[in-house]
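S.K.: Turn this into a model:
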Amino acid sequence: MHFILIFGPQAVGKMTVGQELEKITDLKLFHNHMTIELVEPFFGYGTEAGSRLVQLFRQKIFEEVAKSNLYGLIFTYVWAFDQQEDWDYVEKVCKIFEEKGGTIYFVELEADIGKRLERNTSPLRLEHKPSKRNIDWSENELKKSMEKYRLNSEEGEIIKKNYIKINNSNVRADEVAQMIKVKFQL
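M.R.: A predicted model of the protein is given here:
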């Protein structure tokens, strides 16, 4: 079992890279908005009930996939490096797969703000993430989160065996996916 965690700030291209990686491997993509969009019509993601349900659905999916015969799973995540609870969450999720003999791969994406703002309004993003269709709100959230959190790691901060950091500001998603596939021999 392979568990690929693709992380980085909003609109960096996590889902798109995950879709491309899914096309060229036997991995299945579980992007973070799949659960957010499921819960959103009933409870806002920021509400206590919404957050609880998103976490519950993710947890159960991780547990089932970890004990399955699937080749592996790609999961996307916005990791706030200055928040201990995010470190704890990543550790908790990885442990689910490690306890079943899985191998964990860390893929960090970074891109400049101009490229991210451009990607924030892409048709593919808006198709798969209805909660982002209010562009003014989404853009404001993207900018506010940059001020509030540190969404990319500092050099040497991630010391995992299977780790790659890619600046994909000017690299197509299919090229990034190919880089990941080759690096980790997926």
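
S.K.: Quick check: buried residues in the top strand by length along the chain?
M.R.: Criterion DSSP state E: the longest strand present in the chain is strand 103-110. In terms of neighbour count (16 or more other C-beta atoms under 10 Å), strand 103-110 has its buried residues at Ile104, Tyr105, Phe106, Val107, Glu108, Leu109, Glu110. Placement of C-beta: from N, CA and C, glycine included.

S.K.: out of those residues, who's nearest Ala11?
M.R.: If you rank those by distance to Ala11 using C-beta to C-beta, Leu109 comes first, at 10.3 Å.

S.K.: wait, Glu139 sits on Asn120?
M.R.: Yes: between Glu139 and Asn120 a contact is recorded at 5.9 Å, counting by C-beta atoms under 8 Å.

S.K.: These two: who's more crowded?
M.R.: Taking other C-beta atoms under 10 Å, Glu139 and Asn120 do not tie; Asn120 has more neighbours (20 against 17).

S.K.: Quick check: phi and psi at the more buried one.
M.R.: With angles defined as degrees, to the nearest 10, Asn120 sits at phi -60, psi -20.

S.K.: Contacts only, for it.
M.R.: Gln10, Ala11, Lys132, Ile135, Ser138, Glu139, Leu142 (C-beta atoms under 8 Å, 6 or more residues apart in numbering).

S.K.: quick one on the thing from earlier: want to throw the buried residues of strand 103-110 into a markdown table with pLDDT and distance to Thr76?
M.R.: A markdown table is the format used below for the buried residues of strand 103-110 (pLDDT from 0 to 100; distance: C-beta to C-beta, whole Å):
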| residue | pLDDT | distance to Thr76 |
| --- | --- | --- |
| Ile104 | 98 | 15 |
| Tyr105 | 98 | 13 |
| Phe106 | 98 | 12 |
| Val107 | 98 | 9 |
| Glu108 | 98 | 11 |
| Leu109 | 98 | 9 |
| Glu110 | 98 | 14 |
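
S.K.: Check for me that Ser131 belongs to a helix.
M.R.: Yes: judged by DSSP: H, G, I helix; E, B strand; the rest coil, Ser131 forms part of a helix.

S.K.: and the most centrally placed residue in the chain, how far is that from Asp136?
M.R.: Nearest to the geometric centre of the chain sits Thr76, at 1.5 Å (C-alpha atoms, centre = their mean). Using C-beta to C-beta, to the nearest Å, Thr76 is found at 23 Å from Asp136.

S.K.: got it, and Glu155?
M.R.: Glu155 is 34 Å from Asp136, by C-beta to C-beta.

S.K.: Kindly report the same for Glu118.
M.R.: Taken as C-beta to C-beta, the span from Glu118 to Asp136 is 15 Å.

S.K.: Looking at those two, which is more packed in?
M.R.: Each of Glu118 and Asp136 has its neighbours counted (other C-beta under 10 Å); Glu118 has more, 12 against 7.
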